[in-house]
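A.B. asks: Structure for the following, please:
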Amino acid sequence: MGKRGKKYEAANSKVDPAARYELGEAISLIKEMAYAKFDESIDAAIRLNVNPRHADQMVRGAVSLPNGTGKDTTVLVFAKGEKASEAEAAGADFVGADELFDRVNDGWTDWDVTVATPDLMGQVGRLGRVLGPRGLMPSPKAGTVTFDVADIVKKLKAGRLEFRVDKAGIVHIPVGRASFEADALVENVTALIENLARLKPASAKAPYFKTIALSATMSPSIKLDTSFARDML
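C.D. replies: Sure thing, here's the model as predicted:
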């Protein structure tokens, strides 16, 4: 077994696969297991008891993590004129209209979040075949179709994240880096769970939070005791 494999196995040996860890305990264990030479991302995978094929059970939204993600979010804004200037001033990485439409239509998708002013959504919609599969389509519900481009760009650059359940009812989202203080990671995860609790569909069955797992880039997943999440409902 290679060097990486040995380190992974050493980390894996610290996790009891049958256990359900309390949040603080899980965070401490993940930080202890992070062995990579780079600052590993810590990600959450939250399985909700919903069927996203039913429109009334599609859980999607956005959350501003109190301590950010440790990652610089690249933002593309489809806007013209004054709104384009406002987006640039707010720190957007790519701003424009026709020239960006052409680049995206050719398959370019090298950014994290898309924002668009409502007047350009007709053209943006035609890029759905490129943007949709990559989760890059702007959405009014997520606040990324708006004329208030400066506000949303600032929030995105500060760590605001969009999310939606996948076909299996799971939300995958980064919650920080291994270098973060444990308290900062606990605050980020708590903010995310509170947000998901508020978005619980009326038709969702119990238990709404089926499983919650945390993992670092190079380490095994740790399953949490979900009682703290149920208490937020």
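A.B. asks: which residue is nearest the middle of this structure?
C.D. replies: Ile173 (3.4 Å; Cα atoms, centre = their mean).
A.B. asks: Can you give me the pLDDT of the nearest residue to that residue once chain neighbours are set aside?
C.D. replies: Of all residues not flanking Ile173 in the chain, Phe163 sits nearest, at 5.0 Å (Cβ to Cβ, 6 or more residues apart in numbering). Backbone N, C-alpha and C define where each C-beta goes, glycine included. At Phe163, the model reports a pLDDT of 90.
A.B. asks: Return the list of strands paired to the host helix or strand of Phe163, each annotated with direction.
C.D. replies: Per DSSP states H and E, Phe163 falls inside strand 160-164. Here strand 160-164 is paired, per DSSP bridges, with strand 60-64 (antiparallel).
A.B. asks: Only the buried residues of the strand it pairs with, if you could.
C.D. replies: 61-63 (16 or more other Cβ atoms under 10 Å).
A.B. asks: any residues touching it, and which ones?
C.D. replies: The contact list for strand 60-64 (Cβ atoms under 8 Å, 6 or more residues apart in numbering) reads 139, 141-143, 155, 158-165, 173, 191-192, 195, 199.
A.B. asks: rerun at 6 Å
C.D. replies: 142, 160-162, 164, 192, 195, 199 (Cβ atoms under 6 Å, 6 or more residues apart in numbering).
A.B. asks: Let me know how buried Asn49 is, in neighbour terms.
C.D. replies: 16 (other Cβ atoms under 10 Å).
A.B. asks: what's the first-to-last distance across stretch 54-68?
C.D. replies: 32 Å (Cα to Cα, to the nearest Å).
A.B. asks: chain center to it: distance?
C.D. replies: Between the centre of stretch 54-68 and the centre of its chain there are 8 Å (Cα atoms, centre = their mean, to the nearest Å).
A.B. asks: re earlier: for Asp106, see how far away the residue nearest to Ile173 is.
C.D. replies: 28 Å (Cβ to Cβ, to the nearest Å).
A.B. asks: the more surrounded of the two?
C.D. replies: For Phe163 versus Asp106, neighbours defined as other Cβ under 10 Å are more numerous around Phe163 (21 against 8).
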